[in-house]
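[1] A structural model of the following input is requested.
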Amino acid sequence: MSPEIELLLCGARLCLCPEEIARLRGLLAQPLDWDAAVRMAGRQGVLPLVCRMLELHAADAVPPEILAVWREKFRANARRSFALTVELVRILKSLQLAGIEAIPYKGPVLAAYVYGDPALRQFADLDLLVRPSDVRRAKDVLLAQDYRLVPPLTPAQERAQLRWQWEYALSRNAGAVHVELHWRLAPRTFSLPLPIEPFWERKIAVPLHDTPVDSLSPEDLLLALSIHAYKHYWERLEWLVAASQLVRLHPHMDWPYLERTAGRAGACRIVAVTLALSELLAGVPLAFEPAQWTARYRPNEAVVRGIAAMLWGPPASRRRAAVKLRVRWAARERLCDRLRCLVLRLLVPTADDWRMAALPGALYPLYYPLRLIRLTVQGAGALISQSHSQGRGYAGRMRG
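    The predicted structure follows:
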């Protein structure tokens, strides 16, 4: 593991014990590729956290010109976080006036919840949960405020979106502000049958710039964060740091409730992978209850370490279909969910297919064979590219 990666793993915390401070300062005494460290910290979403630890515990050990770069990026993130927080509060008030209850999660609410400061988290959009019965009205409220659907949807595509997907993506100000309206935590193609109505019964209030804002309960939030990370193959360190901090803040979390809820959706192993990765990468030993959960449901140790290694690999390696399939398969505890997810992901058209061909509503069923054709061509291209790269590597070894 490179010293730059070790720096991020050590610094992506809210606080450091004396031994961790000594380790951080020891890493800073080594030659570091600071450009690579800044890039990785930004990509992994932990730049504000690492910058804060450097400021608090090792400002004298960082070259001044390097520390100035980190500080400027921290300030830029804080400005954007503040602007998005103000926009979130405004949207929530607009929805409330329309009689729509929305629960924000991730974004500034998650940052305030687990870090105590929205400026300590990098986020690019605002995520809101609304009841399925309210989603069209919520969309209309945002459209009336100059938001636009991304991408635009035909009536047939919108019906498919509501049936199979989990969100409307909207933006305004030429894409400067993005909002995602969720009526599920994941597409139905992921085979995660999880009703969200109970979330409103268990919601809590989180202070956000002196404004109380609804948020998910700790148990529901951990499940939502785990499912979000699963959708994206746990490819961002900050998601694991946030989950780790959430568990640390709530040592008396209702684990039996979480097990019942996740179990109905076949998501116990998804939570277990999140907990295992949080312990492995965020460096926080699990308490008794989450440790028991992880022991019951965690997949093969090699799978967990393989996912962890993907964090630092090149983006192309994370996009390989075989890698994605292996992660998807290993992260589910029920065979029926694995098979259903595989079949539905192969068959159900998505926005990528809609962009490939603009079909009138009467011809919407043609998207099903078009999706199979697109995936076949895409898979064949990936195999050819991989075989070529392996061939070049073999030829290079022969020459050597």
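[2] going forward, measure contacts between C-alpha atoms and count neighbours the same way
    OK.
[3] in the sheet, who's paired with residue 127?
    Beta-bridge pairing for residue 127 (DSSP bridges): residue 105, residue 180.
[4] tell me the spacing between it and residue 194.
    Per CA to CA, to the nearest Å, residue 127 is found 18 Å from residue 194.
[5] contacting residues for residue 375?
    Counting by CA atoms under 8 Å, 6 or more residues apart in numbering, residue 375 touches residue 346.
[6] any idea of the mean pLDDT for the helix or strand hosting it?
    For residue 375, the host element (DSSP states H and E) is helix 367-399. Average pLDDT, helix 367-399: 68.
[7] quick one: the helices in the stretch 51-200 of the chain?
    Assigned by DSSP state H, counting those that start in this stretch, the stretch 51-200 of the chain shows helices spanning 64-97, 107-114, 135-143, 155-164, 197-202.
[8] pass me the low-pLDDT residue ranges in the protein, would you?
    283-284, 314-321, 381-400 (pLDDT under 70).
[9] got the domain boundaries for it?
    1-62, 75-216, 230-339, 349-359+366-388 (automatic domain parsing).
[10] from residue 11, how far out is residue 40?
    13 Å.
[11] who's more crowded, these two?
    For residue 40 and residue 11, the more surrounded residue by other CA atoms under 10 Å is residue 11, and the numbers stand at 27 against 19.
[12] look up the closest residue to the more buried one, ignoring the ones flanking it.
    residue 50 (4.5 Å; CA to CA, 6 or more residues apart in numbering).
[13] what about that neighbour, how many neighbours?
    24.
[14] go on, residue 150?
    Residue 150: 16 neighbours (other CA under 10 Å).
[15] my guess is it meets residue 172, correct?
    No. Counting by CA atoms under 8 Å, residue 150 does not reach residue 172; the two are 9.9 Å apart.
[16] coming back round to it: quick one: the residue nearest to residue 11 from residue 167, how far?
    32 Å.
[17] in what helix or strand does the residue nearest to residue 11 lie?
    Taking DSSP H and E as the criterion, residue 50 maps to helix 47-57.
[18] report the angle between that helix and helix 64-97.
    Counting by axes from the mean of the first three to the mean of the last three CA atoms, to 10 degrees, helix 47-57 lies at 130 degrees to helix 64-97.
[19] how about helix 47-57 as PDB, C-alpha atoms only?
    This file holds the C-alpha atoms of helix 47-57, laid out as PDB (Å, rounded to 0.1, in the frame of the first residue of the first chain):
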ATOM      1  CA  LEU A  47     -10.500  15.600   1.300                       C
ATOM      2  CA  PRO A  48     -12.200  17.800   3.900                       C
ATOM      3  CA  LEU A  49     -11.700  15.200   6.700                       C
ATOM      4  CA  VAL A  50      -8.000  14.600   5.800                       C
ATOM      5  CA  CYS A  51      -7.400  18.400   5.600                       C
ATOM      6  CA  ARG A  52      -8.900  18.900   9.000                       C
ATOM      7  CA  MET A  53      -6.700  16.300  10.600                       C
ATOM      8  CA  LEU A  54      -3.600  17.800   8.900                       C
ATOM      9  CA  GLU A  55      -4.600  21.200  10.200                       C
ATOM     10  CA  LEU A  56      -5.200  20.000  13.700                       C
ATOM     11  CA  HIS A  57      -2.300  17.600  14.200                       C
END
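[20] what helices or strands is that helix leaning on?
    helix 3-11, helix 34-43, helix 64-97 (3 or more CA pairs under 8 Å, 6 or more residues apart in numbering; DSSP states H and E).
[21] list the buried residues of that helix.
    47-55, 57 (16 or more other CA atoms under 10 Å).
[22] switch the residues you listed over to JSON lines; also include distance to residue 16.
    Below are those laid out as JSON lines (distance: CA to CA, whole Å):
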{"residue": "47", "distance to residue 16": "16"}
{"residue": "48", "distance to residue 16": "15"}
{"residue": "49", "distance to residue 16": "11"}
{"residue": "50", "distance to residue 16": "11"}
{"residue": "51", "distance to residue 16": "13"}
{"residue": "52", "distance to residue 16": "11"}
{"residue": "53", "distance to residue 16": "8"}
{"residue": "54", "distance to residue 16": "11"}
{"residue": "55", "distance to residue 16": "12"}
{"residue": "57", "distance to residue 16": "9"}
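[23] could you find the closest non-adjacent residue to residue 287?
    Using CA to CA, 6+ apart, the closest residue to residue 287 is residue 251 (7.6 Å).
[24] apologies, that question was intended for residue 59.
    residue 67 is the one closest to residue 59 (CA to CA, 6+ apart), at 7.3 Å.
[25] that neighbour: how many residues sit nearby?
    Neighbours around residue 67, by other CA under 10 Å: 18.
[26] so how far is residue 52 from it?
    11 Å.
[27] what of residue 17?
    15 Å.
[28] repeat that for residue 32.
    18 Å.
[29] same thing with residue 188?
    The value you get for residue 188 to residue 52, if CA to CA is used, is 39 Å.
[30] residue 222 too?
    25 Å.
[31] how about residue 173?
    Using CA to CA, we find residue 173 at a distance of 31 Å from residue 52.
[32] same check, this time on residue 232
    Counting by CA to CA, the gap between residue 232 and residue 52 amounts to 27 Å.
[33] related to what we said a few turns ago, closest to residue 146 out of the helices and strands packed on helix 47-57?
    helix 64-97 (12.1 Å; CA to CA).
[34] any buried residues in that closest one, and which?
    Buried, per 16+ other CA under 10 Å, within helix 64-97: 67, 70-71, 73-74, 77-78, 80-81, 84-85, 88-89, 91-92, 94-95.
[35] strands along the stretch 201-350 of the chain, start to end?
    204-208, 211-215 (DSSP state E, counting those that start in this stretch).
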